[in-house]
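Colleague: Have a look at this fold, sequence not included:
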């Protein structure tokens with residue numbers, strides 16, 4: 001009697017997904033000199049480089065204090081990365097899942113244990129070729145979650161590929177200005193709740209931005225700047241105005257659109273960043289850049305720009 005065929009519950013194996021993205025990494029895989037690591041530290045207090053960290057999850061440290069997280073990753077109580085050229089790092093999620101956060105080259109030990117510090121400290125640097133998958137790939141670590149470091153030869157199944165990391169409210173963590181793509185509800189939450197990673201990033205620079213109407217494809221181009229060359233509060237202040245005005249930010253055509261269709265129409269808008277600008281850029285310089293983008297995207301003729 002033939003066995004009944006069943007559909008596999010994964011989309012691809014990790015090896016299949018990663019092969020061909022970095023030549024040196026592929027060679028290390030062949031030589032069995034690559035390890036997988038799954039970070040999931042539930043201790044109330046974490047010691048990193050001799051300093052105590054409490055009140056924060058490992059997720060918090062990874063997203064908001066990357067340098068501390070990298071120190072945490074490189075500092076081990078046992079020589080687990082000896083004879084390994086690369087590590088493939090994950091953050092543990094749930095009971096068995098893990099989220100990919102990068103491939104790191106092992107450049108050797110910066111410090112070996114002594115009477116004062118018993119830690120093995122490794123020099124780990126992230127390598128290129130995997131950025132498009134970072135924070136998006138979720139694997140099934142398997143039943144042996146207590147084995148937080150395993151050789152890459154162990155088959156791991158990719159169960160899904162997501163858009164990226166989000167917090168409990170579905171708000172993406174800030175990753176880069178190029179990745180910013182916020183709908184109105186996300187922008188409203190960020191402005192009102194002021195998550196540190198977003199506020200710091202949006203106050204750090206000015207920009208040329210675009211608002212896209214997902215209902216019809218029309219676009220609006222705008223810019224942020226300080227008046228008369230004075231230092232501004234960057235993107236944060238300008239985008240706050242959109243939340244304070246239910247989505248139009250004082251733009252004439254957007255205001256008319258919301259008046260005609262109701263405030264809920266703002267849910268069709270998405271905010272993206274086209275180019276970052278210095279905080280001390282003059283209004284004339286910023287508007288000149290803004291005008292260039294209006295010409296490129298024809299937003300005066302086909303979009304929501306009137307000037």
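Modeller: Cool, the structure landed. What you see is a predicted model; the values in this text were computed from it and never measured.
Colleague: For the rest of this, base every contact and every neighbour count on C-alpha atoms.
Modeller: OK.
Colleague: Pick out the residue nearest the middle of the chain.
Modeller: Nearest to the geometric centre of the chain sits residue 175, at 3.2 Å (CA atoms, centre = their mean).
Colleague: And residue 250, how far from residue 291?
Modeller: 18 Å (CA to CA, to the nearest Å).
Colleague: out of the two, which sits in the busier spot?
Modeller: For the pair residue 250 and residue 291, the greater number of neighbours falls to residue 291 (17 against 13), based on other CA atoms under 10 Å.
Colleague: host element of the more buried one?
Modeller: helix 283-297 (DSSP states H and E).
Colleague: Quick check: phi and psi on the closest residue to residue 119 other than its chain neighbours?
Modeller: Spatially, and ignoring its direct neighbours in sequence, residue 119 is nearest to residue 77 (4.7 Å; CA to CA, 6 or more residues apart in numbering). Phi and psi for residue 77, reported as degrees, to the nearest 10, are phi -80, psi -20.
Colleague: Could I get the contacting residues of residue 77?
Modeller: Residue 77 makes contact with 118-120, according to CA atoms under 8 Å, 6 or more residues apart in numbering.
Colleague: Go through these and flag which are in strands.
Modeller: residue 120 (DSSP state E).
Colleague: of the contacts of residue 77, closest to residue 20?
Modeller: residue 120 (31.2 Å; CA to CA).
Colleague: which ones are touching that closest one?
Modeller: Per CA under 8 Å, 6+ apart, neighbours of residue 120: 74-79, 109, 111-113.
Colleague: So what pairs up with it in the strands?
Modeller: The residues listed as beta-bridge partners of residue 120 by DSSP bridges are residue 76.
Colleague: thinking again about what came up before, any idea how far the residue nearest to residue 119 lies from residue 275?
Modeller: 44 Å.
Colleague: Equivalent analysis for residue 178, please.
Modeller: Counting by CA to CA - residue 178 and residue 275 are separated by 8 Å.
Colleague: What about the closest residue in space to residue 289 that isn't next to it in sequence, how many residues nearby?
Modeller: Distances taken as CA to CA, 6+ apart place residue 208 nearest to residue 289, at 7.5 Å, with adjacent residues excluded. Other residues lying near residue 208 total 22 when counted by other CA under 10 Å.
Colleague: Tell me if I'm right that residue 208 and residue 221 touch.
Modeller: Yes: the criterion here is CA atoms under 8 Å, and residue 208 meets it with residue 221 at 7.2 Å.
Colleague: residues bridging contact with the two, i.e. touching both?
Modeller: residue 290.
Colleague: Could you list the low-confidence segments of the stretch 101-250 of the chain?
Modeller: Within the stretch 101-250 of the chain, the stretches with pLDDT under 70 are 115-116, 168, 227-232.
Colleague: just the helices in it please.
Modeller: Ranges of helices in the stretch 101-250 of the chain, per DSSP state H, counting those that start in this stretch, are 184-193, 196-204, 234-244.
Colleague: Most tightly packed of those helices?
Modeller: helix 234-244 (a mean of 19; mean count of other CA atoms under 10 Å).
Colleague: Show me what that helix is packed against.
Modeller: Under the contact criterion of 3 or more CA pairs under 8 Å, 6 or more residues apart in numbering; DSSP states H and E, helix 234-244 touches helix 184-193, helix 196-204, strand 206-213.
Colleague: Just put those in TSV and tack on distance to residue 36.
Modeller: Below are those laid out as TSV (distance: least, CA to CA, whole Å):
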stretch	distance to residue 36
helix 184-193	34
helix 196-204	28
strand 206-213	39
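Colleague: Mind checking the ones you listed for the one nearest to residue 132?
Modeller: Among the helices and strands packed on helix 234-244, helix 196-204 comes nearest to residue 132, with 20.8 Å by CA to CA.
Colleague: Touching that closest one from outside, list them.
Modeller: Here helix 196-204 has contacts from 63-64, 173-174, 190-191, 233-237, 279, using CA under 8 Å, 6+ apart.
Colleague: Make sure residue 256 is indeed in a helix.
Modeller: Yes: looking at residue 256 with DSSP: H, G, I helix; E, B strand; the rest coil, it is inside a helix.
Colleague: And it, how far from residue 156?
Modeller: Counting by CA to CA - residue 256 and residue 156 are separated by 53 Å.
Colleague: Between the two, tell me which one has more neighbours.
Modeller: When residue 256 and residue 156 are compared for neighbours, residue 156 comes out ahead with 18 against 12, by other CA under 10 Å.
Colleague: That one reaches residue 14, doesn't it?
Modeller: Yes: counting by CA under 8 Å, residue 14 is a contact partner of residue 156 at 5.6 Å.
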